[in-house]
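Novice: Here's my sequence, what's the structure:
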Amino acid sequence: MMRKKVSMAVRCLGFKTTKTTLGVQNIVLKWPNKGAITMQRTFQSGALRAIACGLLCFWVLTPKSLFANDVDLSVNSPVSQGTQPSLVLKLNKAVDRLEVVLRSNGQSVRQAYTGETKGKTIEIEMPQNQVGLWRWQGKLKVTFADGSAGQMPLAFSTEVRQPPQLRLHRSGLDLIKKELKVVFGAAAQKVEMEVVGENGETLAKKTVPFRGEKRGTPLHLKWETNSEVKVMKIALVAHDVNGFFSPTLALYPWSLAIPHEEVVFETASNAILDAEVPKLKDVLPRIQKRIQQYSSLIPVRLFVLGHTDTVGPADTNRALSQKRASAIARWFQNQGIKVPIFIRGFGESDLRVTTGDNVDEAANRRADYILSVNPPNHRSWQGWVTIQGQKPSGDQ
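Specialist: This is a model prediction of the structure:
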């Protein structure tokens, strides 16, 4: 989408085009006493130096005169990655047959249309599968319903750009104050925000305007709601001053700890005793119920955190807590839990009850079962692994 207004003029076979300042270039190529064809181009700030003007020439193949502006052409470019540029033709008179042939960078386009009525708009997508500037060359052949016909060579450029990125500012978000800061990779025009609760209802939805703040400037966002429902998801899309917009930034400041009875392991062992299995069977339906409840709203994951007391070396305790978390996670997986399960052993680094070294404290020998999208308590992904041993990809 183009916002920046520019003007330009080109010459083709000695005929000068019209010049506008509306961001759309109307190229009217007149054949003496034969009418004309118009081509439109749109340009964005900075693109003018990179994109050559569309070259549009026309000559009559039949003696019958053509009416002015029989075909208007425009090029939708530049576009964001994930969207294809296109060539748009508007027919100002009925067409018996129209054919477009184009090629660029190993890609080709061949489209033919028959029996098209006056006023019909035809949009042809350019199969540009890479970011960058592509120059297309080819031709357009037209036979109109009144018997007149013509053809012209086409040469124009299309550009695909990487969309500007949006990320959470290092200060994070504050659910109590209902505010957050983000950083945008372009001059900001507005940010669209939607806040969704754990019941699936939209708690707040608004568009926050900005005044072209420079790239990298922290953008402050706030929302208002009277609901006491926990925030499950915040979706953000930022738009720049040129009409491009970011991919959706989805934040998931939600987690749910599942209460349970602790599994007791033998000293220095990670084997689940038969006597402890009923504790896992008891909590399993509660985990499955919550997964079913929330999976339609967010990509739920199960996190199993292992902890120990301070008896023994710290490194040994960390390794042991990792193995115990893995044993519990594998048991859940074998019982049919389908969501991704991530584990991490914290050893004695996250004590529930603060103690000195070498203190046997049962409350510290535990495991946490937490449903979330990202690691609980705003921890990074570092140290987390799936029970298959694969490292997870970092999410927001």
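Novice: Once you drop chain neighbours, what's closest to residue 166?
Specialist: Spatially, and ignoring its direct neighbours in sequence, residue 166 is nearest to residue 246 (4.0 Å; CB to CB, 6 or more residues apart in numbering). Where C-beta positions appear, they are placed from N, C-alpha and C, glycine not excepted.
Novice: Show me the strands in the stretch 251-396 of the chain, by range?
Specialist: Secondary structure of the stretch 251-396 of the chain by DSSP state E, counting those that start in this stretch: the strands cover 255-257, 301-306, 341-345, 367-372, 385-386.
Novice: Let's have those strands in TSV, adding mean neighbour count, mean pLDDT and distance to residue 143.
Specialist: Compiled in TSV, the strands of the stretch 251-396 of the chain are given as follows (neighbours: other CB atoms under 10 Å; pLDDT from 0 to 100; distance: least, CB to CB, whole Å):
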stretch	mean neighbour count	mean pLDDT	distance to residue 143
strand 255-257	16	95	66
strand 301-306	24	95	60
strand 341-345	24	95	64
strand 367-372	20	95	63
strand 385-386	17	90	62
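Novice: any low-confidence regions in this structure?
Specialist: 1-68, 378-379, 388-396 (pLDDT under 70).
Novice: Now residue 325: closest residue in space that isn't a chain neighbour?
Specialist: Leaving out its chain neighbours, residue 325 is closest to residue 306 (CB to CB, 6+ apart), at 3.4 Å.
Novice: which residues does that neighbour contact?
Specialist: 320-325, 328, 343-347, 367 (CB atoms under 8 Å, 6 or more residues apart in numbering).
Novice: ok, residue 241 to residue 80 distance?
Specialist: Look at residue 241 and residue 80: by CB to CB, to the nearest Å, they are 14 Å apart.
Novice: what's across from residue 121 in the sheet?
Specialist: As for beta bridges, residue 121 partners with residue 90 under DSSP bridges.
Novice: That one reaches residue 86, doesn't it?
Specialist: No. Counting by CB atoms under 8 Å, residue 121 does not reach residue 86; the two are 11.1 Å apart.
Novice: Can I get the strands of the stretch 251-396 of the chain in a markdown table including distance to residue 146?
Specialist: Below are the strands of the stretch 251-396 of the chain laid out as a markdown table (distance: least, CB to CB, whole Å):
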| stretch | distance to residue 146 |
| --- | --- |
| strand 255-257 | 70 |
| strand 301-306 | 65 |
| strand 341-345 | 69 |
| strand 367-372 | 68 |
| strand 385-386 | 68 |
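Novice: Between the ones you listed, which one is closest to residue 100.
Specialist: Ranking the strands of the stretch 251-396 of the chain by their distance to residue 100 (criterion: CB to CB) puts strand 301-306 first, at 48.5 Å.
Novice: Neighbouring strands - and their directions - for that closest one?
Specialist: When pairing is defined by DSSP bridges, strand 301-306 lines up against strand 341-345 (parallel), strand 367-372 (antiparallel).
Novice: Which residues are in contact with the residue lying closest to residue 315 once chain neighbours are set aside?
Specialist: With sequence-adjacent residues excluded and distances taken as CB to CB, 6+ apart, residue 315 is closest to residue 347, at 7.7 Å. If a contact means CB under 8 Å, 6+ apart, then residue 347 has 306, 307, 308, 314, 315, 317, 318, 319, 320, 321 as its contacts.
Novice: what ranges do the helices span in the stretch 201-350 of the chain?
Specialist: 277-294, 314-334 (DSSP state H, counting those that start in this stretch).
Novice: Output the contacting helices and strands for the first one.
Specialist: This means helix 277-294. Using 3 or more CB pairs under 8 Å, 6 or more residues apart in numbering; DSSP states H and E, the elements in contact with helix 277-294 are helix 314-334, strand 367-372.
Novice: Looking at those, which is nearest to residue 116?
Specialist: Closest approach to residue 116 among those (CB to CB): strand 367-372, 54.8 Å.
Novice: orientation of the closest one relative to helix 314-334 in degrees?
Specialist: Here strand 367-372 runs at 60 degrees with respect to helix 314-334, directions being taken by axes from the mean of the first three to the mean of the last three CA atoms, to 10 degrees.
Novice: Can you name the residues in contact with strand 367-372?
Specialist: Applying CB under 8 Å, 6+ apart, the contact partners of strand 367-372 are 252, 254-258, 260, 262-263, 283, 287, 290-291, 294, 300-307, 324-325, 328, 376.
Novice: by how many degrees do it and helix 277-294 diverge?
Specialist: 10 degrees.
Novice: who's more crowded, residue 121 and residue 86?
Specialist: Shown here are residue 121 and residue 86; by other CB atoms under 10 Å, residue 86 has more neighbours (17 against 11).
Novice: Report the beta-bridge partners for the more buried one.
Specialist: On the basis of DSSP bridges, residue 86 is bridged to residue 76, residue 125.
Novice: who's in contact with it?
Specialist: 75, 76, 123, 124, 125, 126.
Novice: go with 10 Å
Specialist: 74, 75, 76, 77, 79, 122, 123, 124, 125, 126, 128, 158 (CB atoms under 10 Å, 6 or more residues apart in numbering).
Novice: Among these, the buried ones, what's the PyMOL command?
Specialist: Typed into PyMOL, the line below selects the buried ones among the contacts of residue 86, using 16 or more other CB atoms under 10 Å:
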select buried, resi 74+75+76+77+79+122+124+126+128+158
